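> Provided below are the primary sequence and the corresponding predicted coordinates.
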Amino acid sequence: MSREMRREFQAILDNAAKTDKGDGKTVCKAICLISKEIGIQRVAEAAGLERTSFYRTFNGQTDARISNVLRVVRALGCQLKLR
């Protein structure tokens with residue numbers, strides 16, 4: 001993945017973290033959006049998750065475990081900055 005793409009993905013994630021209402025849904029939706037650009041299967045494998053687990057975690061319908069969020073954020077080459 002190019003540096004430019006990483007910067008773009010990081011900006012999306014930063015904006016999601018700023019605008020999230022505290023329930024994590026905005027961040028999870030941003031992670032899902034970014035992962036779709038790369039490929040869900042590829043990101044899930046890099047994070048050590050099954051594809052079905054990934055969808056359950058990041059579809060916005062269930063509360064995501066912070067450990068899974070961090071694993072995927074690292075797999076994306078990004079950082080999650082909480083304020």
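Okay, I see it. Small disclaimer: the values here were computed from a predicted structure and weren't measured. Numbers count the residues shown, from 1 in each chain.

> Where does pLDDT dip in this protein?
Applying pLDDT under 70 to the chain flags residues 60, 83.

> Could you pick out the longest helix of this protein?
helix 3-19 (DSSP state H).

> chain center to that one: distance?
10 Å (CA atoms, centre = their mean, to the nearest Å).

> in it, what counts as buried?
9, 10, 12, 13, 14, 16, 17 (16 or more other CB atoms under 10 Å). For every residue, glycine as well, the C-beta is placed using N, CA and C.

> Which residue ranges of this protein form helices?
Ranges of helices in the chain, per DSSP H, are 3-19, 25-38, 40-47, 51-58, 66-75.

> Tell me the helices and strands packed up against the first one.
Meaning helix 3-19. Applying 3 or more CB pairs under 8 Å, 6 or more residues apart in numbering; DSSP states H and E, one finds that helix 3-19 contacts helix 25-38.

> how much does the helix it packs on deviate in direction from helix 51-58?
150 degrees (axes from the mean of the first three to the mean of the last three CA atoms, to 10 degrees).

> counting contacts, what elements does helix 25-38 pack onto?
Using 3+ CB pairs under 8 Å, 6+ apart: helix 25-38 touches helix 3-19, helix 51-58, helix 66-75.
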